[in-house]
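Participant: here is the input, now give the coordinates:
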Amino acid sequence: MKKIYLIIVLLSLAALAACSKAEEAAPSQPANPPATVNAIAPTPAVIQVDRNVGDLSTIGNLAVDRGMTEMGRECIDCHKTENPGIINDWKDSRHAHAGVSCIDCHQVEADSPMATQHETLVGTDVFISVLVPPSTCARCHPGEFTQFNESGHFRAYHQIIPKDSLHALVNVHEGQNHPELSGASGETGCMQCHGTEILLDENNRPTAATWPNMGMGNIYPDGSTGNCAACHTRHKFSIAEARKPFACASCHLGPDHPDIEIFENSKHGHIYHTDSDDWIWDSAPDTWEPGDYRAPTCATCHMSGIGELSTTHNITERLYWNLWAKRSEVRNSDDVMSPILGNGEEGRAKMMLVCNSCHSSLHTESFFTQGDRAVELYNVAYYDVAEAWRAELEKEGLLKENPWADEFQITYYYLWHHEGRRARQGALMGAPDYAHWHGFFELQQDLYKLEEIYNTRMETGQIE
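Facilitator: Numbering: from 1, shown residues only. Predicted coordinates:
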């Protein structure tokens, strides 16, 4: 026993001696060495700042050396004081790690319709714009740009130009034709999801009536459409953020398309709320697979690479029905402005591949059989009946000119735009409360009310 103890002591002393020699040979290191980042740039990037720092306006030693231009470094040095939140987001982004700085996205040509110069640039040949259109993102992300332009998201604003009924609703009825304020409802509501055509003032800066907004379908002064930051918010542009359901919930919520509420009512949402803190959210595109997560989010089903499917920014690609129209039809058009954009049969096959990553084929096939029957029930037993009544009343001159003062037209609108959408979307996204209580239960009440109004007007020849 004593021999074994002596051997252990001798080995320990030898190890200590080796460590001492190694320390003497190695150069001295500071107690808290600066964090380093391996950037894709000619020179290695070094950020001399604690990665967990909060308010950078109090930090004087943020130094960036990424092989950037002098102008790029000047932008960062100024904004770290003026807008520390921007730099905080940027320094943790993939852009920062790759040496992409402010000037790389915000610089424009001198003849650009968006070209401006603030006081530090006057006299130089550098022009910038507060706006970053998707055409700029396309320089590095051409595939995503093309896929977006082929998707239903592309027409988010295009489809309402012009649309008399919607513009009348917003400006005439909600805005009460006010000479100065009639657009306020659209600016703070519609525009923030659908986007708008961004207009510029005499100084080439966006007008307050059209910007800021986070609308998906913005049309920029250079003619390009979209808004990447709607899902990957600036200036971190996080893939993890875009994969979480609340990236979509900014727009997909509320009485007419309560998709986030539908998700939370589903078992997928239940699992997400139970243990998503432990999921892996930042896997590279096309590598985010079951195992990183236990249940899908919106992005998993509609966009992510999974199994045999590749990542796509065409959110129409995996769809069968149009579930938001007055009447649901199977998708069968290559016109990006068509409400039935897509190939329904191919879309269903792709979505079933998503489902089969976690479910048996019998489970998947039976789920879609149930959902399709609910859509067909809505089509033939509710919408077709209500539309026939509406068309006959219109023919007989028994509808009010103002649809929002006509009980028949208001209820008809709710039937397809609110209750009908909830029933269809709830059925095909696994949300029983929205398929039933917020869907078909309210649909039958709408139908009976429409029937009573229809019968009364047809019998009396008058609008009550």
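Participant: would you check that residue 192 makes contact with residue 215?
Facilitator: Yes. Residue 192 is within contact range of residue 215, at 6.0 Å (criterion: C-beta atoms under 8 Å). For every residue, glycine as well, the C-beta is placed using N, CA and C.
Participant: those two: which is more packed in?
Facilitator: A count of neighbours by other C-beta atoms under 10 Å puts residue 215 above the other of residue 192 and residue 215, at 23 against 18.
Participant: that's a helix at that one, yeah?
Facilitator: No. Applying DSSP: H, G, I helix; E, B strand; the rest coil, one finds residue 215 to be coil, outside a helix.
Participant: may I have the residues that are in contact with it?
Facilitator: For residue 215, the contact set (C-beta atoms under 8 Å, 6 or more residues apart in numbering) comprises 156-157, 191-196, 227, 230.
Participant: need those in TSV with distance to residue 273 and pLDDT, can you?
Facilitator: TSV is the format used below for those (distance: C-beta to C-beta, whole Å; pLDDT from 0 to 100):
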residue	distance to residue 273	pLDDT
156	28	97
157	33	97
191	31	97
192	26	97
193	24	97
194	29	97
195	30	97
196	34	97
227	28	98
230	24	97
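Participant: now the two most distant members of those.
Facilitator: Greatest spatial distance in these: 196 and 230, 12.9 Å, computed using C-beta to C-beta.
Participant: isn't there a strand covering residue 96?
Facilitator: No. According to three-state DSSP, residue 96 belongs to no strand; its state is helix.
Participant: that one and residue 357: what is the separation?
Facilitator: According to C-beta to C-beta, to the nearest Å, residue 96 and residue 357 sit 33 Å apart.
Participant: do residue 86 as well
Facilitator: Residue 86 is 38 Å from residue 357, by C-beta to C-beta.
Participant: who has more neighbours, those two?
Facilitator: For residue 86 versus residue 357, the count of surrounding residues by other C-beta under 10 Å is larger for residue 86: 18 against 15.
Participant: got the contact list for the more buried one?
Facilitator: Residue 86 sits next to 79, 234-235 when contact means C-beta under 8 Å, 6+ apart.
Participant: go again using 10 Å as the cut-off
Facilitator: 56, 75-76, 79-80, 102, 234-236 (C-beta atoms under 10 Å, 6 or more residues apart in numbering).
Participant: list the buried residues for the helix or strand containing residue 450?
Facilitator: According to DSSP states H and E, residue 450 maps onto helix 441-460. Using 16 or more other C-beta atoms under 10 Å as the test for burial, helix 441-460 gives 442-443, 446-447, 449-450, 453-454, 457.
Participant: I'd like the average pLDDT over it.
Facilitator: The pLDDT scores in helix 441-460 average 98.
Participant: do stretch 170-184 as well
Facilitator: Mean predicted confidence for stretch 170-184 is 96.
Participant: name the surrounding residues that touch that stretch.
Facilitator: 160, 163-164, 167-169, 185-187, 189-191, 209-210, 402-405.
Participant: buried subset of those, written for PyMOL?
Facilitator: Here is the PyMOL command that selects only those of those that count as buried (16+ other C-beta under 10 Å):
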select buried, resi 160+167+168+169+185+186+187+190+191+210+403
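Participant: shouldn't residue 370 be in contact with residue 426?
Facilitator: No. Residue 370 is beyond contact range of residue 426, at 11.5 Å (criterion: C-beta atoms under 10 Å).
Participant: joint contacts of those two?
Facilitator: Jointly contacting residue 370 and residue 426 under the rule C-beta under 10 Å, 6+ apart are residue 435.
Participant: tell me which of those two has more neighbours.
Facilitator: Using other C-beta under 10 Å as the criterion, residue 370 and residue 426 rank with residue 426 on top: 28 against 12.
Participant: nearest spatial neighbour of that one, skipping sequence neighbours?
Facilitator: Among residues not flanking residue 426 along the chain, residue 434 sits closest, at 3.0 Å (C-beta to C-beta, 6 or more residues apart in numbering).
Participant: swap in residue 74?
Facilitator: residue 120 (7.3 Å).
Participant: show me what contacts that neighbour?
Facilitator: 71, 74-75, 78, 126.
Participant: could you report the pLDDT at it?
Facilitator: 86.
Participant: so, low pLDDT: which residues of this protein?
Facilitator: Residue ranges of the chain with pLDDT under 70: 1-67.
Participant: domains of it?
Facilitator: Listed domain ranges for the chain are 35-129, 130-230, 370-460 (source: automatic domain parsing).
Participant: quick one: closest of those domains to residue 274.
Facilitator: Closest to residue 274 of the domains of the chain is domain 370-460 (C-beta to C-beta; 15.8 Å).
Participant: circling back to that earlier point, what does the helix holding residue 450 contact?
Facilitator: Contact with helix 441-460 is made by 377-378, 381-383, 385-386, 388-390, 392-393, 396-399, 406-416, 418-420, 422-423, 433, 435-436, 462-464, as judged by C-beta under 10 Å, 6+ apart.
Participant: kindly recompute the last result at 6 Å.
Facilitator: For helix 441-460, the surrounding residues in contact (C-beta atoms under 6 Å, 6 or more residues apart in numbering) are 382, 386, 389, 398, 408, 411, 414-415, 419, 423, 464.
Participant: please apply the same query to stretch 237-253.
Facilitator: Residues contacting stretch 237-253 (C-beta under 6 Å, 6+ apart): 93, 193, 231-232, 259-260, 263, 281-282, 297-299.
Participant: what do you get for stretch 288-305?
Facilitator: Contacts for stretch 288-305 (C-beta under 6 Å, 6+ apart): 243, 245, 248, 268, 271-272, 279-280, 283, 286, 311-312, 315, 318, 354, 357-358.
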